[in-house]
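> No sequence on hand, only this structure:
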Ligand code: MCU
């Protein structure tokens, strides 16, 4: 029976691999699959304790490992991302727990329900579904966080369903840090040190779990995008960074605690201060409280959150007309994060656009229609092959060279030679006493 079960499992795995390949999942230049069939494909990677960290006014080198060495092959990125993720959780966002013990729910043409059980605690939430205006299912889908700022008409006409998700049901705003509320905190406790952005991201991951388990007649689990504006742009950014099943991440006007580099904010005139973003809502994890006045002490910055999305599709949209939104610091995160995409041979998978006319926050913008459409075609429908676009407004153009003291390595295509184990010293013969 065991042998049979193992054989069946092997067959299932082989079948899964085939299906993914057949579907033509977007691939980076070196053939690496862009989306992963799992939420986190680096769970087996070593993530040593970061130890003491030293201040660095420039952006940390995203290619440097915790042990001080630099990665040298594209295949090293998998575990480098795992180390990056560890730092991101520990210093910035708080922990995003792995899939809970039980996730169940339903998918229909109009809604998705999610039920979660873990260590005897339960929670439920739901989201509404609007199918695309044309095409036959199963459809790709874009999860829209919050009810404003995303161009849902363009998403649906491009061929993706819209899943409208209310993040506040999973992580409420307006609570003190020691009494956080919502489905996430019902499961992990109201004193969890994880911030709302991670809670919101966890909720999207559970929606994808339910889509995966639904049999795939209505929505495709391997073609999910995520977007949202402003605080929900912060949420969309973190959601895409932390779930490798998400094929396309599209934060809009996310501001402090979203895409802008933390190190840039104190020097960007009018940008929402880090202490304000930390204090306004428990968006970031509690641990970030020690760094609001000295981001140079962080061993990580948001260009590495960008890099956690690599090589998957990413379109960062910003508004350069409102200083509070820190678009200059966001452009630096995109430029620095794009260096990781480039090193992975996936430079065309990241786009940045802040060259827009209308100064209204979360306005509907004609400039973003085409890039939105092209990104949905490329990463969710696997048709079209548009190149990445950087359209940085001259109002808020950051300069990457001011922010880095590292260069982008040429990463080898094959796996690196495994680390050499230090030569074992031959046993010394004990000195003979005369
Ligand atoms: C840009 O996102 C936030 C901003 O961080 C807050 O300071 C402000 O109160 O709200 C923005 C927002 O979410 O607007 C809808």
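Received the coordinates, thanks. Because the structure is predicted, anything quoted here is derived from the model rather than measured.

> tell me how far the ends of stretch 303-320 are from each other?
With C-alpha to C-alpha, to the nearest Å as the measure, the first residue of stretch 303-320 is 19 Å from its last.

> And for stretch 283-302?
With C-alpha to C-alpha, one end of stretch 283-302 sits 15 Å from the other.

> residue ranges for the helices of the stretch 151-300 of the chain, please.
With DSSP state H, counting those that start in this stretch as the criterion, the stretch 151-300 of the chain has helices at 152-158, 183-188, 196-213, 231-242, 274-280.

> out of these, deepest packed?
A comparison of the helices of the stretch 151-300 of the chain by mean neighbour count, using mean count of other C-beta atoms under 10 Å, puts helix 231-242 on top with a mean of 30. Every residue, glycine included, has its C-beta placed from N, CA and C.

> ok, now which ones touch the closest residue in space to residue 146 that isn't next to it in sequence?
Excluding the flanking residues, the one nearest residue 146 by C-beta to C-beta, 6 or more residues apart in numbering is residue 232, at 3.6 Å. Applying C-beta atoms under 8 Å, 6 or more residues apart in numbering to residue 232 gives the contacts 145-146, 148-149, 167, 200.

> do residue 58 as well
Shown in contact with residue 58 (C-beta under 8 Å, 6+ apart): 263, 403-405.

> residues from the stretch 151-300 of the chain in reach of the ligand?
230-231, 255-256, 272, 277, 280 (C-beta under 6 Å from any ligand atom).

> neighbours around the residue of the stretch 1-150 of the chain found nearest the ligand, how many?
The nearest approach of the stretch 1-150 of the chain to the ligand comes at residue 148, 7.1 Å away (C-beta to the nearest ligand atom). Close neighbours of residue 148, defined as other C-beta atoms under 10 Å, add up to 15.

> Look at it and give its secondary structure.
Three-state assignment for residue 148 (DSSP: H, G, I helix; E, B strand; the rest coil): coil.

> What ranges in this structure fall below the confidence cut-off?
1-33, 416-434 (pLDDT under 70).

> if we go to 80?
Scanning the chain for pLDDT under 80 picks out the ranges 1-33, 384, 414-434.

> Go ahead and flag the most central residue of it.
For the chain, residue 241 is the residue whose C-alpha lies nearest the centre (C-alpha atoms, centre = their mean; 1.0 Å).

> ok now do that residue, which residues does it touch?
85, 88, 201, 249, 305-306, 308-309 are the contacts of residue 241 under C-beta under 8 Å, 6+ apart.

> now the strands: where do they sit in this structure?
Using DSSP state E, the strands of the chain run over 102-107, 111-118, 121-130, 139-145, 161-165, 219-229, 246-252, 313-317, 350-353, 390-391.

> Just send these back as TSV, with mean neighbour count and distance to residue 174 too.
Putting the strands of the chain into TSV (neighbours: other C-beta atoms under 10 Å; distance: least, C-beta to C-beta, whole Å) gives the following:
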stretch	mean neighbour count	distance to residue 174
strand 102-107	17	27
strand 111-118	19	23
strand 121-130	17	18
strand 139-145	28	17
strand 161-165	24	19
strand 219-229	27	18
strand 246-252	29	22
strand 313-317	28	27
strand 350-353	25	32
strand 390-391	14	36
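
> Which one of the ones you listed lies nearest to residue 411?
strand 350-353 (16.2 Å; C-beta to C-beta).

> Could you list every helix and strand that that closest one packs against?
Applying 3 or more C-beta pairs under 8 Å, 6 or more residues apart in numbering; DSSP states H and E, we find strand 350-353 packed against strand 313-317, helix 327-343, helix 369-379, strand 390-391.

> Which strands or helices does the last one pack on?
Applying 3+ C-beta pairs under 8 Å, 6+ apart, one finds that strand 390-391 contacts helix 327-343, strand 350-353.

> What lies in contact with that strand?
If you take C-beta under 8 Å, 6+ apart as the criterion, strand 390-391 is touched by 334-335, 338, 351-355.
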